[in-house]
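Engineer: Sequence first, then the predicted structure:
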Amino acid sequence: MKALTCEMCGSTNLVKEGGVFVCQSCGTKYSVEEAKKMMGEGTVEVKGTVKVDKSDELTNLIQLANDAIDSVNGVEAYSYANRVLEIAPSNAEAWLIKMKASGLLATLGDMKVVDIINAGKKAIEFSGKKMEKEVYAFYLYTCLNDLQFCMTQLQDTQAIKEIFDANCQLHPFNASEKTVQCDSILDIVLNQIDLIVSLRAEVPNNFVSNDGDITHLVGEVAKQWVYYTNAVNDRFNVYGMKINDETVNKYRIILANIKEGLPEEKHDVPGEEAIDNPSNGACYVATAVYGSYDCPEVWTLRRFRDYTLDNTWYGRLFIKGYYATSPSLVRCFGKTNLFKLLGRRFLDRFVIKLNNKGIENTPYKDKY
């Protein structure tokens, strides 16, 4: 006599419950007569069309998938959700779980945004739109968390500072360009960011306007977008650069798109002016020579930069060239006594001339 084996999943763990044999692995039920034939003959002869009830199996798999989500086990949750969808491709709850599991599987190199969006759309479709709010909220939470994650990656600048210092020694006159070329973290983040923001674009503006929870989440995404753009510019500042004006305009347009649908009374959401591209502000050579960014001589030079040089095209060209080369110059030679001695002799005379022309040496806040 053969061992009683489930023909659906191959398990031999069948237990008699309530007059029928139930597979403990997939939930398939067999009558006593079917069980006898399976043990005696190996197969059950079936005539006509038979509909196999797998509702118990689906319920069990859904429960296992949800348990995996609660345990933050994206791999198992994703696997269980797919097993459900193999049996019932239109199971909305399985698509919802697959969406959440995809989020748990995200990495910096692959944020799984496309998988999240596609699974969410299926959950909405097969639930008759009953899962709309839950899906849209998940899109926004994911967008918010991904922006925060990218920001923290950009703010970890220790390694890139060390690379910049090395490039200042090896390539003193193009250290900034050499450093940005090997900044893999920045490259990965910039390649992911449009996909991340597309999560917000999937949320209809009528939900943003009319659902308080969604309104709040969109406001938080807008704030985080500003923080992220500031982190990008700060990263460039580490190696003496900044994002260009074209990028600033692009980032401002994205902010406006994020905010679409927000009620007018949502006053705590930042405006486009919050996105800018300031340099790290240093008069590199003068600060190195005088030992401070805030001293009478440097206040004079900063006024000269902002209100004399910045007023002409050739002055602005000089400023651009100065900020492109002086960080490397200072990093290579700024701590040497000879650099400070020669620099101070020249700058002292120049500052006196500027003061004589009426440029003040009192405390000063930069124009930009």
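Structural biologist: Right, received. Where do you want to start? Numbering: from 1, shown residues only.
Engineer: what about the spatially closest residue to Lys29 that is not a sequence neighbour, how many neighbours?
Structural biologist: Nearest residue to Lys29, sequence neighbours excluded (Cβ to Cβ, 6 or more residues apart in numbering): Val20, at 4.8 Å. Just so you know, the C-beta spots here come from the backbone N, C-alpha and C atoms, and that holds for glycine as well. Val20 has 14 neighbours, counted by other Cβ atoms under 10 Å.
Engineer: try the one 10 residues further on
Structural biologist: Tyr30 is flanked by 21 other residues according to other Cβ under 10 Å.
Engineer: okay but it is in contact with Phe21, surely?
Structural biologist: Yes. Counting by Cβ atoms under 8 Å, Phe21 is a contact partner of Tyr30 at 4.5 Å.
Engineer: shared neighbours of those two, which are they?
Structural biologist: Common contact partners of Tyr30 and Phe21 (Cβ atoms under 8 Å, 6 or more residues apart in numbering): Leu14.
Engineer: next helix or strand past the helix or strand hosting Glu76?
Structural biologist: In the assignment (DSSP states H and E), Glu76 maps to helix 74-87. Where DSSP H and E defines the elements, the next helix or strand beyond helix 74-87 is helix 92-104.
Engineer: quick one: average pLDDT of that following helix?
Structural biologist: Mean pLDDT, helix 92-104: 97.
Engineer: which helices and strands does that helix pack with?
Structural biologist: For helix 92-104, the packing partners by 3 or more Cβ pairs under 8 Å, 6 or more residues apart in numbering; DSSP states H and E come out as helix 55-70, helix 74-87, helix 113-126, helix 132-155.
Engineer: quick check, distance from the third one to the centre of its chain.
Structural biologist: Same thing as helix 113-126. Remark: helix 113-126 is offset 19 Å from the chain centroid, using Cα atoms, centre = their mean, to the nearest Å.
Engineer: now the angle from it to helix 74-87?
Structural biologist: Orientation check (axes from the mean of the first three to the mean of the last three Cα atoms, to 10 degrees): helix 113-126 against helix 74-87 gives 40 degrees.
Engineer: before we move on, what about the last one?
Structural biologist: Angle, helix 132-155 to helix 74-87, by the same axes, to 10 degrees: 150 degrees.
Engineer: which parts of helix 132-155 are buried?
Structural biologist: Judged by neighbour count using 16 or more other Cβ atoms under 10 Å, the buried positions of helix 132-155 are 132, 134-140, 142-144, 146-147, 149-151, 154.
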